[in-house]
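Participant: here is my input, please return the structure:
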Amino acid sequence: MEPRGLRNNNPLNIRRNPDHFLGEVVPGTDPLFKQFESAAYGYRAAFVILYTYLCRGLNTIEKIVRTWAPPTENNTESYIAHVAQRSGVGRTKVLTTETGGDYRKIVAAMSHCENGVPAVMVDVEAGFKLQFSIHN
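Facilitator: Numbers count the residues shown, from 1 in each chain. Below is the predicted model of the structure:
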């Protein structure tokens, strides 16, 4: 069976919350996680969230993952190590708005961690481009 995140077109398993994202299926049928029209929109939502993280000073893999996958719910240290290894981006490398290539690799690695299968990079790239849409 396909992993839940992929079935929901929500490859980073964004939990349901009051925020509404472009391409989000409302109402969704999953009681816990958001659903999107396509994987690209699911990735777009992840990039939008990571941009808000960046604005809050969460600018390394360590800081991102500690917020995204807190120890109360996950093996956060393992998640950090997985994302750093799979992305090739150092866990303490400071990310900026100029490191979009690193963000794409990080999001793909987070998707792999969440779903157990490699991300489809065409969808990751499409989500990255979609994040610049004017709507949330």
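
Participant: name the nearest residue to the most centrally placed residue in the chain, ignoring sequence neighbours.
Facilitator: The residue lying closest to the centre of the chain (C-alpha atoms, centre = their mean) is residue 46, at 3.8 Å. Spatial nearest neighbour of residue 46, excluding adjacent residues (C-beta to C-beta, 6 or more residues apart in numbering): residue 12 at 4.3 Å. (Glycine included, C-beta is placed from N, CA and C.)

Participant: contacting residues around that neighbour?
Facilitator: 5, 42-43, 45-46, 68, 107, 110-111, 114 (C-beta atoms under 8 Å, 6 or more residues apart in numbering).

Participant: where do the strands sit along this structure?
Facilitator: With DSSP state E, there are no strands along the chain.

Participant: can you pull out the helices in the chain?
Facilitator: 4-7, 39-55, 61-68, 76-87, 100-115, 121-130 (DSSP state H).

Participant: got any ranges where this structure has weak pLDDT?
Facilitator: Along the chain, the parts satisfying pLDDT under 70 run over 134-136.

Participant: rerun that using 90 as the cut-off
Facilitator: 1, 73, 97-100, 132-136 (pLDDT under 90).

Participant: that older thread, mind listing what the residue nearest to the centre of the chain touches?
Facilitator: Here residue 46 is in contact with 11-12, 14, 107, 110, 127 (criterion: C-beta under 8 Å, 6+ apart).

Participant: look up the closest residue to residue 105, ignoring the ones flanking it.
Facilitator: For residue 105, the closest residue by C-beta to C-beta, 6+ apart turns out to be residue 87, at 4.0 Å.

Participant: state the distance from that neighbour to residue 110.
Facilitator: 8 Å (C-beta to C-beta, to the nearest Å).

Participant: please say which of those two ends up with more neighbours.
Facilitator: Comparing residue 87 with residue 110 by other C-beta atoms under 10 Å, the one with more neighbours is residue 110, at 26 against 21.
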